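# Got a sequence here, can you model it:
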Amino acid sequence: MISVLLAAALFPGMVPAAPAAPTIEDPCDFETVTPIRGDQRQRDVDLADLASLADIGRANAGTAPSAFGISPAGDRVAFLVARANPQANAYCRQLLVLTLDSNEAPREIDRGGEFMHDDFPLRDFASVTAGWERATEPRWSPDGTRIAYLKREEQSTQIWLADPSGEADARRLTGLPDDVTELVWVPDGKGLVAATWPGLRREAEEIAVEGLRGFLFDARFSPHFASRPIPTDAGPPVYSWVSAIDGQSRPATEAEIGLLRPSFQGAPSGDVLLYREGPRGSAAWLEPEDPERLLSPTRLVVRNPDGQHLTCQADMCGHIQGLWYSETANALFVQQASGWARSETTLLRWDIGAAAPKSVIATRDALRGCREHRGELLCARESATEPRRIVAIEMTTGADRLVFDPNPAFADMRFGSIERLQFRNTAGVESFADLVLPPDHRPGDRHPMVIVQYRSRGFLRGGTGDEVPIFALAARGFAVLSFDRPDFLPAAYRATTDVELATLAGDQWADRRQVQSSLEIAINRAIATGAVDPDRIGITGFSDGGATAQFAIVNSTLFKAAALGSCCEDMYSYALSAGPRFTQYLREVGYDPLALEDRHSWTPMSLIANRDGIETPILIQAADSEYEGALDVVEVYNNERKPIEMVVFPDETHIKWQPAHRLAMYERVVEWFEFWLAGRMNCAPSREDQYQRWQTMAGAPSPDTLRCSA
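As a prediction, the model looks like this:
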């Protein structure tokens, strides 16, 4: 018999592969869902509704930059809308211009372009590709006759120019050798300043040359990102002045660079985190109370026109997310995360010359990328049952008006009831979760429940990573517990390094235990409502939420099924797939990776070490860049015939970005929980192989108890 090693030598690592052809070519070729007439019954949210949402700005916005470009005259706003199209496996991207203070529909002035991945530094790596889109604010020329924006075509991100009237076609301006990451107009309107990172390309080219003699497997490797070294030093960005007429470029001057990287004139030396200049020499900034600490609280400092400095007390001005000056209101406006477990958004107004700010509004809604405009804040706003829309918030009263809704059909959908559960965990940390019940819930009904993690803010879409369709599950008879991860333990706020952050509590699993405490309290609160069947509870998780789900499966018997978007933190593959630098970090925080003699340190977390007591069926839907981290668990569980299945999605990042994959994840996770918790199956012929596999798993419902789902 041919040996395994010889077979591997005869068949090297190249395998036949071809891209999957989309069902339709044009991602903007989809049927628009029309709002329901008043005499029609509202309908429930389905998978396609959530998989084809239109987003203004980055989908997982967080604290992303603003997506709005306001014209110099203040009468119009430009923004990009991206609607996912699973059939095309692409996004319909539209650059729209809307006249403010009118009822006119926005005008499309350009469409098209590829998904424009953002990137970020991670550990020692200079750049890792993100699964969210790069934030790009359309920039109006000083005279208001052109709009500059970033657009990606043929794997190159460049500056494009569009006519705000839509009468002339948009055109590509630049052809720089590297992707443009930022842009700004110069005051005379004759050109723009563009930022690129050629050092990243140069290091990648050097690595390619190194490959001719083979790569040394060292700290530059992280196998679940790449099978070659990853650049670790991109160098500084390079700034170029670009002609607005023909795209010709030259190095930018210091003054021109300052348009993209303004210095904090008049700010104190040291760590200024956010700085805003106001009228007549006033200014405001955030500074850490203890710059040495990783999670130091910040303080808000205001400099009045007379030079007096005022500091806002932490309990009033903590956890600030945004600052704006309004000359029309002669005030500073502050956005902060507030309320129980910082689950609310508060808008503060600090009148110039006043001793302290006062509250304008407090809401559970999420406000994204706000911009000041004529005494109003133009914001992307979303609530638990309302996807992101543009609103204008009056900066004195807090009253808002709708400016544009890219998803009007959601106003006619049924969502069921949502109850906010608030509590402290056993460590005293404030925690909360939202319990979503089916639209047809009646008193006395008890539903199977699925837990979705690990943030419950804004529109309840699909949890962190957007993999579990909350309202579609509710429409199929499930209660859904949207669980928000509690803050770190108080001891973590003393940390000055990543290692201290993980070890200050003295127990490497202390944070996992306090999250588990919050999770179990939230589940018990949900069960106490009488609407949840305690014998039919499932759990999901992605990223940190995947670790929470893994810890929960190991340390409780509550869960009858699990679906993970990333897995697993366990004894072998977890360390190996992340590479040598991460392995060293695990040693420093006490994980003992691959210490074969003593595995006791892994007992609280390991699915492998605790496999004898775990019968929970586990579905893993992993990116091809990360699935190696689950190989040890999948192999052990398959070998012992425990119910587990892993699906791998190609060409994906940590957060999965492809619309076809999102819809497939939605469908599979719903079918998984219907199978294990509700005794239902999708009887379409295309699912026959899936259910044949699942029905052979230990503990699967008998075929005669299964019924076809609607």
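# Other residues contacting the helix ranked longest in the chain?
Identified as the longest helix of the chain according to DSSP state H is helix 510-528. Helix 510-528 is touched from outside by 421, 423, 425-427, 429, 431-433, 435, 449, 451, 479, 481, 483, 485-486, 488-489, 491-492, 502, 505, 507, 532, 534, 537, 547-548, 551-552, 555-556, 558, 604-605, with contacts defined as CB atoms under 8 Å, 6 or more residues apart in numbering. Placement of C-beta: from N, CA and C, glycine included.
# Mind checking which of these land in helices?
Among these, the members found in helices (DSSP H) are A502, A547, T548, F551, A552, N555.
# Most neighbours of all those residues, which one?
Per-residue neighbour counts (other CB atoms under 10 Å) across these peak at T548, which has 25 neighbours.
# Is it correct that that residue is in contact with R485?
Yes. In this structure, T548 is within contact of R485 by CB atoms under 8 Å, at 7.0 Å.
# Roughly how far does R371 sit from P236?
According to CB to CB, to the nearest Å, R371 and P236 sit 28 Å apart.
# which stretches of the stretch 301-450 of the chain form strands?
309-312, 320-326, 331-338, 344-351, 358-363, 366-373, 376-383, 386-394, 400-404, 413-414, 418-424, 430-436, 447-452 (DSSP state E, counting those that start in this stretch).
# Tell me who's in contact with E327.
Each residue near E327 by CB under 8 Å, 6+ apart is listed here: G278, P279.
# Please tell me how far it sits from N524.
As judged by CB to CB, E327 and N524 stand 52 Å apart.
# Just give the closest residue to L631, not the sequence neighbours.
Using CB to CB, 6 or more residues apart in numbering and skipping the chain neighbours, the partner closest in space to L631 is S573 (4.6 Å).
# Double-check that neighbour against Y627; I have them as touching.
No. Using CB under 8 Å, S573 is not in contact with Y627; the gap is 9.4 Å.
# how about R146, what does it touch?
W140, L161, A162, D163, P164, A244.
# circling back to that earlier point, in TSV: the ones in helices among the contacts of helix 510-528, plus pLDDT.
TSV is the format used below for those (pLDDT from 0 to 100):
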residue	pLDDT
A502	78
A547	96
T548	97
F551	98
A552	98
N555	97
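# what about the helices in this structure?
4-10, 47-51, 198-210, 254-260, 314-317, 470-475, 498-503, 510-528, 544-555, 573-578, 580-588, 631-639, 659-673, 688-695.
# Present those as JSON lines; the columns should include distance to N407.
Below are the helices of the chain laid out as JSON lines (distance: least, CB to CB, whole Å):
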{"stretch": "helix 4-10", "distance to N407": "50"}
{"stretch": "helix 47-51", "distance to N407": "9"}
{"stretch": "helix 198-210", "distance to N407": "36"}
{"stretch": "helix 254-260", "distance to N407": "33"}
{"stretch": "helix 314-317", "distance to N407": "34"}
{"stretch": "helix 470-475", "distance to N407": "13"}
{"stretch": "helix 498-503", "distance to N407": "38"}
{"stretch": "helix 510-528", "distance to N407": "28"}
{"stretch": "helix 544-555", "distance to N407": "25"}
{"stretch": "helix 573-578", "distance to N407": "38"}
{"stretch": "helix 580-588", "distance to N407": "39"}
{"stretch": "helix 631-639", "distance to N407": "38"}
{"stretch": "helix 659-673", "distance to N407": "15"}
{"stretch": "helix 688-695", "distance to N407": "31"}
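# which of these is buried the deepest?
helix 470-475 (a mean of 26; mean count of other CB atoms under 10 Å).
# could you say what helices and strands it packs with?
If contacts are counted by 3 or more CB pairs under 8 Å, 6 or more residues apart in numbering; DSSP states H and E, helix 470-475 sits against helix 47-51, strand 430-436, strand 479-484, helix 659-673.
# Pipe these into TSV and attach mean pLDDT and distance to F217 per row.
Putting the helices and strands packed on helix 470-475 into TSV (pLDDT from 0 to 100; distance: least, CB to CB, whole Å) gives the following:
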stretch	mean pLDDT	distance to F217
helix 47-51	96	40
strand 430-436	98	42
strand 479-484	98	39
helix 659-673	98	30
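# Among these, single out whichever gets nearest to L176.
helix 659-673 (28.9 Å; CB to CB).
# Helix 688-695 and that closest one, what's the angle between them?
Between helix 659-673 and helix 688-695, the angle comes out at 40 degrees (axes from the mean of the first three to the mean of the last three CA atoms, to 10 degrees).
# Off-centre distance for helix 659-673?
Distance of helix 659-673 from the chain centroid (CA atoms, centre = their mean, to the nearest Å) equals 18 Å.
# so where's the stretch 51-200 of the chain uncertain?
By pLDDT under 70, the low-scoring segments of the stretch 51-200 of the chain are 61-64.
# Domain parsing of this structure, as residue ranges.
Here the domain assignment for the chain is 1-33+60-197+237-262, 267-413, 414-708, based on automatic domain parsing.
# closest to A226 out of these?
Nearest of the domains of the chain to A226, taken as CB to CB: domain 414-708 at 8.4 Å.
# Endpoints of the closest one, how far apart?
Distance across domain 414-708, first residue to last, is 23 Å (CA to CA, to the nearest Å).
# and if you look at stretch 46-58?
23 Å.
# Now do the same contact list for R371.
S66, F68, I70, W324, L377, L378, C379.
# out of those, who has the most neighbours?
Result: C379 is most packed of those (other CB under 10 Å), 27 neighbours.
# burial count for the closest residue to it other than its chain neighbours?
In space, C379 comes closest to C370 once its chain neighbours are excluded; the distance is 4.1 Å by CB to CB, 6+ apart. Counted with other CB under 10 Å, residues neighbouring C370 total 22.
# Next: the one 5 residues further on.
Here the neighbour count serves as a burial measure; for G375 (other CB under 10 Å) it reads 14.
# ok now do it, which residues does it touch?
Contacts of G375 by CB under 8 Å, 6+ apart are S326, T328, A329, E394, M395, T396.
# so which of those residues comes closest to L150?
Distance to L150 across the contacts of G375 (CB to CB) is lowest for S326, with 28.3 Å.
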